[in-house]
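I would like the atomic coordinates for the input below:
(2 chains)
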Amino acid sequence: DAGVTQSPTHLIKTRGQQVTLRCSPKSGHDTVSWYQQALGQGPQFIFQYYEEEERQRGNFPDRFSGHQFPNYSSELNVNALLLGDSALYLCASSLVRSPTGWQDFGPGTRLTVL
Amino acid sequence: QKEVEQNSGPLSVPEGAIASLNCTYSDRGSQSFFWYRQYSGKSPELIMFIYSNGDKEDGRFTAQLNKASQYVSLLIRDSQPSDSATYLCAVTGTGNQFYFGTGTSLTVIP
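Below is the predicted model:
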């Protein structure tokens, strides 16, 4: 039973470019959340997708957008990259009806913006 | 603004000692509380999960929750060098999204 997978593992971009990160949730999960973890900080919630719609959003600018596909996989898009967008991007999947809110995390994508 | 506060450390304990990690949170509506271990450059790994007041034990780990004081802690007994990592406290929001603290860096000295 595959867990949460993310691609790519590492990515290097330059300022102003656009990037797309991908996530496949754990089998049976229907909700995907994205987090940004800057160096030395805890993960910060970006947004959450369920039924192909954004349900919740953290304090991130519109440059950050996402999508969820019918198979529950998800993409995170970041436009007009800034140096400060360099971080580990984590995807987590869960069940919307989970009473505990348990989330399984993927291995992350390390984005470096030069 | 939901806030989760942790002592950033670093916390150093000798091998075999008890490590105590603390976390406070601001949202009284939070229902579930998680402790994650994160090695440098890696994804967070779930250590403990608790949602009822009191203690929950799993092997060398004990999580303690006090909702009235908005306080959750993690005790690691018989600390091992392999426990050296950053420990993240996470609490759930109304939509079950996680709010994380900044993490406490733990070093277990052989």
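
for B:Leu11, what are its contacts?
Taking CB atoms under 8 Å, 6 or more residues apart in numbering or on different chains, we find B:Leu11 in contact with B:19, B:21, B:104-107. C-beta coordinates here come from the backbone N, C-alpha and C atoms, glycine included.

buried ones among the residues you listed?
Neighbour-count burial (16 or more other CB atoms under 10 Å in any protein chain shown) applied to these gives B:19, B:21, B:104-106.

nearest to A:Tyr35 among those residues?
Nearest to A:Tyr35 among the buried ones among the contacts of B:Leu11: B:Thr104, at 18.3 Å, using CB to CB.

next, that closest one: phi, psi?
phi -120, psi 120 (degrees, to the nearest 10).

for the nearest residue to it once chain neighbours are set aside, give its distance to B:Tyr87.
Leaving aside its sequence neighbours, B:Thr104 sits nearest to B:Gly9 (CB to CB, 6 or more residues apart in numbering or on different chains; 4.6 Å). B:Gly9 sits 9 Å away from B:Tyr87, going by CB to CB, to the nearest Å.

the more surrounded of those two?
Between B:Gly9 and B:Tyr87, counted using other CB atoms under 10 Å in any protein chain shown, the more crowded position is B:Tyr87 (25 against 15).

give me phi/psi at residue 5?
Just going to use chain A. On the backbone of A:Thr5 - angles per degrees, to the nearest 10 - the values are phi -120, psi 150.

what about it, how many neighbours?
Using other CB under 10 Å as the criterion, the residues surrounding A:Thr5 number 15.

what residues does chain B have near chain A?
Applying CB under 8 Å from any CB of the partner chain, we find that chain B lies next to chain A at B:4, B:6, B:31-32, B:41-44, B:49, B:51, B:88, B:92-93, B:95-103.

could you rerun that using 6 Å?
Residues of chain B lying close to chain A by CB under 6 Å from any CB of the partner chain are B:32, B:43-44, B:88, B:92, B:95-97, B:100-103.

which two in those residues are spaced the farthest apart?
Among the residues of chain B next to chain A, the pair separated by the greatest distance (CB to CB) is B:Gly95 and B:Gly103, at 22.7 Å.

can you count the residues close to the nearest residue to A:Arg63 once chain neighbours are set aside?
Nearest residue to A:Arg63, sequence neighbours excluded (CB to CB, 6+ apart): A:Asn79, at 4.7 Å. Residues lying near A:Asn79 (other CB under 10 Å) number 13.

look up how far A:Cys91 lies from A:Asn79.
Distance, A:Asn79 to A:Cys91, by CB to CB: 19 Å.
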